[in-house]
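Undergrad: Sharing a model that was predicted from the sequence below.
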Amino acid sequence: MDERGRVLIPLDERERLGLKAGAEFELVEKDGTLVLKPVISEPVRVRSKRKWGKEAFLDSGEATFGE
């Protein structure tokens with residue numbers, strides 16, 4: 001911990017845990033140990049009022065690139 005109270009999490013651990021710059025944490029004390037728990041926001045469900053017809057998925061199993 002530095003003089004400003006910042007804690008460094010090594011790069012390999014951040015990558016393994018999928019942590020990005022600006023991640024927020026909850027600090028929990030348990031039996032004399034501090035635990036940093038990432039705050040994970042609840043997923044947002046988005047709905048469309050559009051009804052998709054067959055035209056939206058024409059040839060969906062084929063890919064044509066440049067030909």
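TA: The structure has been received and is ready for your questions. For clarity, every value in this text was computed on a predicted model and none was experimentally measured. Residues are numbered from 1 along each chain as shown.
Undergrad: low-scoring stretches of this protein, by residue?
TA: 52-67 (pLDDT under 70).
Undergrad: Walking through it, point out its strands one by one.
TA: 25-30, 33-38 (DSSP state E).
Undergrad: between the ones you listed, which one is nearest to Pro10?
TA: strand 33-38 (13.2 Å; Cβ to Cβ). Backbone N, C-alpha and C define where each C-beta goes, glycine included.
Undergrad: Please point out which parts of the closest one sit buried.
TA: Of all the residues in strand 33-38, not one is buried under the rule 16 or more other Cβ atoms under 10 Å.
Undergrad: That one: partners in the sheet, and parallel or antiparallel?
TA: According to DSSP bridges, strand 33-38 forms sheet pairs with strand 25-30 (antiparallel).
Undergrad: Next, format the strands of the chain as a markdown table and append distance to Arg45.
TA: A markdown table is the format used below for the strands of the chain (distance: least, Cβ to Cβ, whole Å):
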| stretch | distance to Arg45 |
| --- | --- |
| strand 25-30 | 24 |
| strand 33-38 | 22 |
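Undergrad: So which of those is nearest Ser48?
TA: strand 33-38 (30.5 Å).
Undergrad: With just CA atoms, put that closest one into PDB.
TA: C-alpha atoms of strand 33-38 as PDB (Å, rounded to 0.1, in the frame of the first residue of the first chain):
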ATOM      1  CA  THR A  33      -8.700  -9.900   7.100                       C
ATOM      2  CA  LEU A  34      -9.600  -7.200   4.500                       C
ATOM      3  CA  VAL A  35     -11.300  -8.600   1.400                       C
ATOM      4  CA  LEU A  36     -11.800  -6.600  -1.800                       C
ATOM      5  CA  LYS A  37     -15.000  -7.800  -3.600                       C
ATOM      6  CA  PRO A  38     -15.500  -6.400  -7.100                       C
END
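Undergrad: contact partners of it?
TA: Applying Cβ atoms under 8 Å, 6 or more residues apart in numbering, the contact partners of strand 33-38 are 7, 17, 19, 23-29.
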